[in-house]
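In: Fold the following, please.
(2 chains, ligands or ions: 2)
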Amino acid sequence: MAIDDPQREPRAGAGRAPDVMRPGGWVPMREYREDEAVDFAIVGTGAGGGTLACKLAEAGFSVVAFDAGPYWRPLEDFASDECEQQKLYWTDDRIVDGDHPLKMGANNSGRSVGGSTVHFAMVSLRFRPEHFRTRSTLGYGVDWPIDWREMWRYYDEVERTLHISGPVRYPWGPDRGRYPLRAHPLNAAAEYLARGAEALGIDWTETPIATLSAPVGRSHPCVYRGFCVTGCSTNAKQSVLVTWLPRALKAGAEIRDLAMVGRVETKNGRCTGVHYHREGAWRFQKARNVVVAGYAIETPRLLLNSANQEFPEGLANSSGLVGKNLMTQLNQAAWGQVDDEVRSYKGPPSLAISEHWNYTDAGKDYHGGWSYMSQGPLPQVWAKSLAGGRGLWGQALIDEMARNNHSVGLKMVGEVLPYERNRVTLADETDQYGLRIPRITFSMGPNEQAMIDHAVDFMDRSLEATGARERWKEMDDTAHLNGTARMGDDPATSVVDADCRSWDIPNLWICDGSVFPTVGGVNPSLTIQAIACRTGDRIAEMSRKGEL
Amino acid sequence: MADDGGDDLAVRLVAGGATMLALSTLADSGMEHYRGSFRNPAMVLPLASSSMAIAFNGRRLARPRPGERTGPLVSHLTSTATGLIGLGFHFYNVTKRPGGLGFTNLFYGAPAGAPFALTMAGLFGSVADRLARGKRRLGPMHVTSGRAIGALTSFGLIGTVAEAALLHFRGAYHNPAMWFPVILPPAAAASMARDVIDDTPRAVTTALLGATAAMGLIGAGFHAYGVSRNMGGWKNWRQNFLVGPPVPAPPAFTGIAIAGLGALLLMKRRQAK
Ligand SMILES: Cc1cc2nc3c(=O)[nH]c(=O)nc-3n(C[C@H](O)[C@H](O)[C@H](O)COP(=O)(O)OP(=O)(O)OC[C@H]3O[C@@H](n4cnc5c(N)ncnc54)[C@H](O)[C@@H]3O)c2cc1C
Ligand code: SF4
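Out: Ligands and ions are numbered 1, 2, ... in the order given. Okay, here's the model as predicted:
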């Protein structure tokens, strides 16, 4: 065991937290007593929780944010090694079932201070405006309780905070301000997307992405080494860990790492605090408000595991919808072989994108949108795709791996519709903390199948247009989990309101991807952060008006 | 035309400017073409011609009136031509990429600045050559009046500003100092142009050109700082020199500004007579 092992010993404490920008550095951290109620106890420090912790602390609230994961120092702890970096994923036991059981782990969940953004692929996209009102405008799914124009303002805030590098002009959707930083150079994999799109006569652009194309503060610009999804060791990546959380600490928030929250306590219909496990013992933090932000699986799990006499079906669950309407995103791909040396693992994986089929509805025999991006799998992920997705094994696998430098692929991010049957429930088995583990039930419907068929065929044609040979389709992949505690206007059909406040318990909030009523056709993290920013502002406003 | 010290100084300034431009080009294209692994054999040409330009213009800087004729002529013609051909090559490199003549390709494709600087070095070198040899004209250009050289200076500054503006926009002007090269040299170019048009050398132009010359050198320092802001800083200089802002690029401003001071001097001498 290393002397300083953040997976065993918490790093935040004794009045200080790691300075993620300086090797061996520390920043001062305010600490709160457990027996004095803090304004907000936040469970999870990812895209939702970390962002909200910053906003609330800066608004003057006392905040303690808990994360089950370690507090990494990216400059020291992240190796350019896929095996070593498995430490970033949430790999606790979970039971998966349904017609299309989800693969859980690296592709969808993180366990770190900073959440999944520590190993996300940085693609930072805005929803299509109509996708906030799909029921009214497009006739499927459900409407969000928030207007897209309001979201547009919060997208601006998040994009500025993360210094998103993007194209000078974005080809789709209503106007947006210019991205704070300019786009990165295309790698060869992205050029293949561009050439295919041009051949098929649709728009493409450089992907707006949360890694720096110019130095900012103490962060260096991206060095294009391509280890983004295993943790960026240069801090060019604008994860929650290096953006919102340092600000939160400065504003007086406390972060407790290696702190697994097992139960939210209630009394007389209100939350009183959280029970959490840290340094080998269960502890209790008193709080005036509790925010659950543990991601689409852990959030409902915690709410269900917190069932008590007052709320026997779990917290915030009078609608019976906690855990239901779980949505993933379709992540199927088309691959091919070209003469050029592509080396697609160079640079961030997705440097070019087309949102054509996210904005165009004509010519579809299904509901919903999808976008597609260039790909850059590292060797292990690539081997898994070839073995799992293409069925290669033994010498055939080795031979194909040897041709990796010439492989090129396109992957979709596609909208899955909300179905009540897709859900998170509690299994009887328990984990290392004695908490019941989640059972994740998922099946696709005919709409998803139709979208996949269209998308994979289109991507395949795009590759064909660039001269790619020996093409094949990777049909079994999903990414990004959302839903399970949806927001809405009606307590009977939603779990929280537009401010992420639970209908049942006025001082319980849910602020992460769980609140999505629909997932849209683009990656979700920018939207999660925008909602967290909005929630932070709304809470500050409600507090001013005495409505908390 | 008199053989007085004033004209020697003008020759020195113009040749000195050309030397500086050639130095900037040599270092810049050396680095960039090394980065491109000299994939195309023609990528050695700017190195060869800028080296030659440094040798001949440098000699003229030290000794304004050497007797030699053919060597400088060949060198200046080569610089001008190599720069122009380079511009063509670089333009082709940008447009053949997916997306064509868009921002990203202009940012990351072959830059127009370095070949442009080499062309300017060739032109200023030829001018210095004609002046040194007591000739009044270079083709249609009347060199001894100083006005034509002044016009060339304005043109050169604007071209260089265009490159700096584009690449600083690429860097999103993340440091406020990045605005200097898009504000100061255009002011100098405009002032120079005004002097050329009404044939009146003004003190303000001298000041602006002097400031532009200094800015070019300070800019190299800023770019060096920019290099250090990449991962690994100076410890990783072999990589960071190639990916950071180009350290040898800003002195191109210095070269053009110095030649411009030569133009002003000629104009002043003529009017004093
Ligand atoms: C490999 C990969 C690539 C991705 N790429 C992109 C991309 O390019 N673009 C994009 O927009 N999105 C991407 N995503 C998705 C994005 O990262 C997530 O949608 C987003 O981070 C989810 O935010 P969240 O706040 O819901 O949860 P998270 O960011 O996952 O944060 C949840 C945190 O809560 C903690 N936690 C959970 N339960 C508890 C508990 N009981 N007690 C204490 N702590 C708890 C967890 O440890 C975790 O740190 C990617 C995801 C993965 C895995
Ligand atoms: S490619 Fe850029 S963002 Fe990705 S790991 Fe490397 S430096 Fe970080």
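In: A:A362: what's it in contact with?
Out: Contact analysis of A:A362 by CB atoms under 8 Å, 6 or more residues apart in numbering or on different chains lists nothing. (C-beta placed from N, C-alpha, C; glycine too.)
In: tell me the SS of it?
Out: coil (DSSP: H, G, I helix; E, B strand; the rest coil).
In: Just the pLDDT at it, thanks.
Out: Model confidence at A:A362, given as pLDDT, is 95.
In: Spit out the contact partners of the residue in chain B that ligand 2 sits nearest to.
Out: Of all residues in chain B, the one sitting closest to ligand 2 is B:M231 (7.2 Å; CB to the nearest ligand atom). Counting by CB under 8 Å, 6+ apart, B:M231 touches A:H220, A:P221, A:V223, A:T234, A:A236, B:N240.
In: can you check A:L304 too?
Out: Applying CB under 8 Å, 6+ apart, we find A:L304 in contact with A:G314, A:N317, A:V322, A:G323, A:V424, A:T425, A:L426, A:R436.
In: send the alpha carbons of whatever helix or strand it lives in over as CSV?
Out: Assigned by DSSP states H and E, A:L304 falls within helix A:295-305. Below are the C-alpha coordinates for helix A:295-305, written out as CSV (Å, rounded to 0.1, in the frame of the first residue of the first chain):
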residue,chain,number,x,y,z
TYR,A,295,-26.2,9.5,-10.6
ALA,A,296,-29.2,7.7,-12.1
ILE,A,297,-28.6,4.4,-10.3
GLU,A,298,-27.3,5.4,-6.9
THR,A,299,-29.8,8.2,-6.5
PRO,A,300,-32.9,6.0,-6.6
ARG,A,301,-31.1,3.3,-4.7
LEU,A,302,-30.4,5.8,-1.8
LEU,A,303,-34.0,7.1,-1.9
LEU,A,304,-35.4,3.5,-1.8
ASN,A,305,-32.8,2.4,0.8
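In: tell me the secondary structure for A:H277?
Out: strand.
In: distance of the residue nearest to it when sequence neighbours are not counted from A:H275?
Out: Sequence neighbours aside, A:M260 is the residue nearest to A:H277 in space, at 4.7 Å (criterion: CB to CB, 6 or more residues apart in numbering or on different chains). Using CB to CB, to the nearest Å, we find A:M260 at a distance of 10 Å from A:H275.
In: Mind telling me the two of the contacts of A:L304 farthest from one another?
Out: A:N317 and A:R436 (15.2 Å; CB to CB).
In: Compare those two (neighbour count), which wins?
Out: Neighbours were counted for A:N317 and for A:R436 using other CB atoms under 10 Å in any protein chain shown; A:N317 has more, 23 against 15.
In: could you say which helix or strand contains that one?
Out: Counting by DSSP H and E, A:N317 is part of no helix or strand.
In: Let me know the pLDDT of it.
Out: Looking at A:N317, the pLDDT reads 97.
In: so how far is A:A498 from it?
Out: 19 Å.
In: Quick check: the gap between A:Y155 and A:V216.
Out: 19 Å.
In: Quick check on those two: which one has the bigger neighbour count.
Out: A:Y155 (23 against 20).
In: Between A:M260 and A:H275, point out the one with more neighbours.
Out: Between A:M260 and A:H275, counted using other CB under 10 Å, A:M260 has the larger neighbour count: 23 against 15.
In: My read is that A:N404 contacts A:P379, right?
Out: Yes: with contact defined as CB atoms under 8 Å, A:N404 reaches A:P379; the gap is 6.8 Å.
In: Looking only at neighbour counts, state which of these two leads.
Out: A:N404 (17 against 11).
In: and that one, what does it touch?
Out: A:P379, A:W382.
In: picking up where we left off before, from the contacts of B:M231, pick the one nearest ligand 1.
Out: A:A236 (14.5 Å).
In: ok, the closest one - how many residues close by?
Out: 28.
In: Start from the N-terminal end of chain B and give the helices.
Out: For chain B, the helices defined by DSSP state H cover B:5-35, B:45-62, B:70-95, B:103-108, B:113-132, B:147-170, B:180-197, B:203-228, B:237-243, B:251-272.
In: tell me the most buried of those helices?
Out: helix B:113-132 (a mean of 27; mean count of other CB atoms under 10 Å in any protein chain shown).
In: Tell me, please, where in chain B the pLDDT is lower than the cut-off.
Out: Applying pLDDT under 70 to chain B flags the ranges B:1-6.
In: Closest approach to chain A from it, which residue is it?
Out: Going by CB to the nearest CB, chain A is nearest to B:P98 of chain B, at 3.6 Å.
In: Now the closest residue in space to that residue that isn't next to it in sequence: which helix or strand?
Out: Ranked by CB to CB, 6+ apart and with sequence neighbours excluded, the top spatial neighbour of B:P98 is A:A194, at 3.6 Å. Assessed by DSSP H and E, A:A194 sits inside helix A:188-200.
In: Quick one: list the elements packing against that helix.
Out: Packing partners of helix A:188-200 (3 or more CB pairs under 8 Å, 6 or more residues apart in numbering or on different chains; DSSP states H and E): strand A:352-354, strand A:370-374, strand A:407-414, helix A:446-465.
In: Next secondary structure element downstream of that helix?
Out: Helix A:188-200 is succeeded, C-terminally, by strand A:205-206 (DSSP H and E).
In: if you go through the stretch 201-350 of chain A in chain order, where are the strands?
Out: A:205-206, A:254-256, A:260-267, A:270-278, A:281-292, A:327-330, A:333-337 (DSSP state E, counting those that start in this stretch).
In: model confidence over the third one, on average?
Out: For strand A:260-267, the mean per-residue pLDDT is 98.
In: For it, what is the distance to the chain centroid?
Out: Relative to its chain's centre, strand A:260-267 lies at 24 Å (CA atoms, centre = their mean, to the nearest Å).
In: Can you tell me the strand partners of it and which way each runs?
Out: Strand pairing for strand A:260-267, determined by DSSP bridges: strand A:270-278 (antiparallel).
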